[in-house]
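Novice: Here is my input; please provide its structure:
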Amino acid sequence: MDVVQVAFWTVALLVILAVAFDFMNGFHDAANSIATVVSTGVLKPQQAVLFAAFFNVIAIAVFQLKVASTIGKGIVEPGIVDHHVVFGALIGAIVWNIITWWYGIPSSSSHALIGGIVGAVTAKAGLTALVGAGIWKAVAFIFVSPALGFLLGSLLMVVVAWIFRRVPPLRVDRWFRRLQLVSAGLYSLGHGGNDAQKTIGIIWMLLVASGYVAASDKMPPTWVIWSCYIAIGLGTMFGGWRIVKTMGQRITKLKPVGGFCAETGGALTLFIATGLGIPVSTTHTITGAIVGVGATRSASAVRWGVAGNIVWAWIFTIPASAAVAAGAYLVSLKLL
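Specialist: Numbers count the residues shown, from 1 in each chain. Below you'll find the predicted structure:
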């Protein structure tokens, strides 16, 4: 692929911007990891964010970098990416994240980034510069990940209810308060494993395009991997409370057993997607699982209006972040 000559300071600023996006991803998506464990009263918010941040970071030792490879090499044709494209993609994702965080809407940082890449690349070279298979895989999982979360969450809820049908409710509640620590840890592990890798992928893309890393390298530099995992962990520590309430209680009222089933179903979905190298939305996944758990009680246990508003935010995420990214790409041609 062609290497673009880019000043070191430009690359350094874009790496800082990417790490800032990663921090914001943790900040924005902290609610996904901790909403159920906070809303069921198992942990206080301050304890929950530290707990989730720890598991976000140790995911570095658990997952291979398949998602990073998909973002870095699987959705854009080689030779198209330059520093203007990376700038546009990151600005598109960051602006949409700020808007949805401000209004307390649980949209997807992951699909904001994919939308940003699509918008910036399209502004530069048109839709033919995109790798169709990679894009469609990510778009398909907008629907697959919440559906799988819904299925696994509701299935676990039915199985657990049957196993513990003769146990007094207070005892079940006490057991699952402890077990929810396990499920919340697993979900935070999946969150760190899938989401940190998206930023690793875009930094890798930039370093290859600017000639700092060879396109044939199997792995990005170690400092990139550590920076991204630490940044998402720190972002989770400073997590946004506006979204916790929506995720934890406004969609459906949760007890510890429901929180356990939702988090475990969501974690299994994230593990499967990360193993396949598919960038998915932790927001979509946990929302699907929470709705699945609520729906096992009755359809009326789910506040479908709130769930519907969230779905609209998902649908608009890729087009909205793509539009902002296309504009940012054109601006960067004048600035960088």
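
Novice: Kindly export stretch 207-226 (C-alpha atoms) in PDB.
Specialist: Extracted in PDB, the C-alpha atoms of stretch 207-226 (Å, rounded to 0.1, in the frame of the first residue of the first chain):
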ATOM      1  CA  LEU A 207       0.500   3.900  11.800                       C
ATOM      2  CA  VAL A 208       0.500   1.700   8.700                       C
ATOM      3  CA  ALA A 209      -0.800   4.500   6.400                       C
ATOM      4  CA  SER A 210       1.900   6.900   7.700                       C
ATOM      5  CA  GLY A 211       4.700   4.400   7.400                       C
ATOM      6  CA  TYR A 212       5.500   3.900  11.100                       C
ATOM      7  CA  VAL A 213       4.400   0.300  11.000                       C
ATOM      8  CA  ALA A 214       4.700  -2.300   8.200                       C
ATOM      9  CA  ALA A 215       1.400  -3.400   6.600                       C
ATOM     10  CA  SER A 216       2.600  -7.000   6.900                       C
ATOM     11  CA  ASP A 217       3.000  -6.900  10.700                       C
ATOM     12  CA  LYS A 218       0.700  -9.400  12.400                       C
ATOM     13  CA  MET A 219       0.400  -7.200  15.600                       C
ATOM     14  CA  PRO A 220       0.300  -3.500  16.300                       C
ATOM     15  CA  PRO A 221       3.000  -2.100  18.700                       C
ATOM     16  CA  THR A 222       2.700  -3.100  22.300                       C
ATOM     17  CA  TRP A 223       2.400   0.500  23.500                       C
ATOM     18  CA  VAL A 224      -0.700   0.900  21.300                       C
ATOM     19  CA  ILE A 225      -2.400  -2.200  22.900                       C
ATOM     20  CA  TRP A 226      -1.600  -1.100  26.500                       C
END
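
Novice: Can you name the element that comes right after the lowest-mean-pLDDT helix or strand in the chain?
Specialist: Evaluated with mean pLDDT, DSSP states H and E, the helix-and-strand set of the chain has its lowest mean pLDDT in helix 241-245, which scores a mean of 52. Along the chain past helix 241-245, the next helix or strand (assigned with DSSP states H and E) turns out to be helix 256-276.

Novice: Now the helix or strand following that next one: buried residues?
Specialist: Next helix or strand after helix 256-276 toward the C-terminus (DSSP H and E): helix 282-297. Of the residues in helix 282-297, those buried under the neighbour-count criterion (16 or more other Cβ atoms under 10 Å) are 282-296. C-beta here means a position set from N, CA and C on the backbone, and glycine is covered the same way.

Novice: on contacts alone, who are the packing partners of helix 282-297?
Specialist: For helix 282-297, the helices and strands in contact under the criterion 3 or more Cβ pairs under 8 Å, 6 or more residues apart in numbering; DSSP states H and E are helix 8-39, helix 132-163, helix 169-209, helix 256-276, helix 304-335.

Novice: mean confidence score for that helix?
Specialist: Along helix 282-297, the predicted local confidence has a mean pLDDT of 84.

Novice: got the angle between it and helix 256-276?
Specialist: Relative orientation of helix 282-297 versus helix 256-276 (axes from the mean of the first three to the mean of the last three Cα atoms, to 10 degrees): 140 degrees.
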